[in-house]
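Visitor: sequence first, then the predicted structure:
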Amino acid sequence: MSKYTVDKNGYYGPFGGAYIPEMLYPNVEELRKNYLSIIEDKTFKNDFHQLLKDYVGRPSPLYFAKRLSEKYQTNIFLKREDLNHTGAHKINNTIGQILLAERLGKKRIIAETGAGQHGVATATVCALKGMECVVYMGEVDIKRQAPNVARMKMMGATVIPATSGSRTLKDATNEALRDWINHPLDTHYIIGSVVGPHPYPDMVARFQSVISQETRTQLFTHTKKEFPDYAIACVGGGSNASGMFYHFLDDPEVKLIAVEAAGLGTDTEKTAATTKLGKEGVLHGSRSLLMQSPDGQVIEPYSISAGLDYPGIGPQHAWLFKSERALYAQATDEEAMQAAKLLTQLEGIIPAIESAHALAYLEKQTWKKEETLVICLSGRGDKDLDNYMKYFDL
Amino acid sequence: MTTKIKKERKHLLSIYYTAGYPYLDSTLSIAEELQKSGVNFLEIGFPYSDPVADGPTIQYSSQVALKNGMTLSVLFKQLQSLRDKVQIPVFLMGYLNPVLQYGVENFLKSCQEVGIKGVILPDMPLYAYENEFKPLFEKYDISLVFLVTPQTSEERIRKIDRLSKSFIYLLSSNSTTGKHLNVDAETEAYFKRIGEMKLNAPTIVGFGISDKNSFENAVKHTNGAIIGSAFVKQLHNSDEYLKKIKPFIEEIKK
């Protein structure tokens, strides 16, 4: 058992747990008791991997980025989660959770979404399985991400605006939790990241761990190396990073680097750099690092990327940070946008702005010729074209 | 010190309201007015930015209270003269994160100093209380009030009963605050089932109690009920909010 994965009490060091009101206890307890036996079951595994293969298009390629490698004088591989159906890694988790919800006999699915990628991935699997789907999305994000709202609606989902608080991802999560409280029997809540009460952070990490599982095999085929020197991913809540790190956690040779959104800079108020500015606290059911006022009120984060502006990080990340197993770095809006442009022009791949934060880390360190880096390209940039057009005056 | 909420008492009426709403310094005057109107005990909410167990009314009052500058430090300062003015039992209700930042021990010490009887923290789970915080609550003689829902198992209710020092907060249904309670046969059977369990702790029904009718239904098999959102709504948008309190309570109690 790795000391970096969840312990038997649902904690990662001091982080994690299930800080939920009694109204959610039966649902979360039902999940906690059953999730491992369900996802370890042979028929579940078959169904999961079949869908990942035939529907999502896995394994996603591990692509050697030749021109990018030349530029940085090292060996850079991109794990192409952007090539998945629906355009990001999010679908790995929603496929897993919809199969789980089916086995728990649930009839109705709810989800929260920020940029809309997780909402789309949830609406997609609900259409696939013919389940009722309700997605909560901040009123502000609904305006910022109109195409994703349309995609969800076209797939038959009901999109409900979260009008409380700051009307973004954190508030959409609050609304989804309130919905779950009010529908205690027939509903499963598909959380989109490695956040929330135990067992969510562990369950979502397991579904996303297919990323590093494939990476190991693919890297060996490419290079005959067992593992890379560096595994790099962006972190909002942290699901693609958890997936990218999962099968390398106990290989100390692999340096794990998580890149947070610094927004306009960590010395400004417009940032989402949780490990820089956060303190221990409880939000959405788990104890982790949290951006908050001295009085314990949650602070609204900022990033140009809607998928990274969450005021906390998953409890596993808080633990990887505190135990120094992984390095938590930051990239500003400007650094991410320039990295996106560079990748586009050197490799012909338009990344999601979220993933561009991971790419921006290439500028932050000097690399050796013999080193191997794997960067998780968590999503594609189609959804961000509006932003890119404005930013680069295209 | 105030008296205990006794198991023999029936028809107890408690009111919840948010500290710092509608104005920062409303907290004590509302408490006094409620006592004068014959309310049996009080729950004063301290606001949080992300109140997941609450419906729109209390979300709104919390947001306004935060904007008005309410924090735990400000609240405890306001409550310093609580015991000179209010003799009925007073509980604090809120979420865990502001308490963690204030410091759990510091918080309980402040509660004791101003004469708070107990606290309701919906997102403090039973296991965390047992494993981590129980000795501190006992040290300062502050009781933690646990919630019970229609889905809570009998075994868990028995455990909660053993840990409860003041009362058990019985949710009328599995819901957020401020939904109107429809008393159907199922709810009635649930209240009755709890009544027949002969628990040691008094049971007080909350969530969805808004008027005389829902109050009467709730207290038939229990010791009392709590009104929150319906009361907070009375305070909304009115400089005359103190004058609205007495008629609202009289209507419930008549």
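Guide: Good, I have the coordinates.

Visitor: which one's the longest strand in the chain?
Guide: You didn't say which chain, so I picked chain A. strand A:255-263 (DSSP state E).

Visitor: should've been chain B
Guide: Ranked by residue count and defined by DSSP E, the top strand of chain B is strand B:12-18.

Visitor: does chain A have contacts with it?
Guide: No. Strand B:12-18 lies apart from chain A when judged by CB under 8 Å from any CB of the partner chain; the minimum separation is 14.0 Å. C-beta: built from backbone N, CA, C; applies to glycine.

Visitor: tell me the angle the helix or strand that comes right after that strand makes with strand B:12-18.
Guide: Counting by DSSP states H and E, the next helix or strand C-terminal to strand B:12-18 is helix B:27-36. Angle, helix B:27-36 to strand B:12-18, by axes from the mean of the first three to the mean of the last three CA atoms, to 10 degrees: 160 degrees.

Visitor: just the buried positions in helix B:27-36, please.
Guide: Residues of helix B:27-36 classed as buried by neighbour count (16 or more other CB atoms under 10 Å in any protein chain shown): B:Thr27, B:Leu28, B:Ile30, B:Ala31, B:Glu33, B:Leu34, B:Gln35.

Visitor: neighbouring strands for whatever helix or strand comes next after it, and are they parallel or not?
Guide: Next along the chain after helix B:27-36, taking DSSP H and E as the criterion, comes strand B:41-45. In the sheet, strand B:41-45 lines up against strand B:12-18 (parallel), strand B:90-93 (parallel) (DSSP bridges).

Visitor: ranges for the helices of the stretch 201-350 of chain A?
Guide: Along the stretch 201-350 of chain A, counting by DSSP state H, counting those that start in this stretch, helices occupy A:210-223, A:239-245, A:274-277, A:315-322, A:333-347.

Visitor: which regions of the chain sit below the pLDDT cut-off?
Guide: As the question left the chain open, I've gone with chain A. By pLDDT under 70, the low-scoring segments of chain A are A:1.

Visitor: my question was about chain B
Guide: Along chain B, the model assigns pLDDT under 70 to residues B:1-3.

Visitor: output the longest strand of chain A as PDB, restricted to C-alpha atoms.
Guide: C-alpha atoms of strand A:255-263 as PDB (Å, rounded to 0.1, in the frame of the first residue of the first chain):
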ATOM      1  CA  LYS A 255       9.900  13.700 -10.200                       C
ATOM      2  CA  LEU A 256       6.300  14.700 -10.100                       C
ATOM      3  CA  ILE A 257       5.400  18.300 -11.000                       C
ATOM      4  CA  ALA A 258       2.000  19.900 -10.600                       C
ATOM      5  CA  VAL A 259       1.400  23.300 -12.100                       C
ATOM      6  CA  GLU A 260      -1.300  25.500 -10.600                       C
ATOM      7  CA  ALA A 261      -2.800  28.600 -12.200                       C
ATOM      8  CA  ALA A 262      -1.100  31.700 -10.900                       C
ATOM      9  CA  GLY A 263      -3.600  33.900 -12.700                       C
END
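
Visitor: okay, the angle between it and helix A:333-347?
Guide: Between the axes of strand A:255-263 and helix A:333-347, defined by the same axes, to 10 degrees, the angle is 120 degrees.
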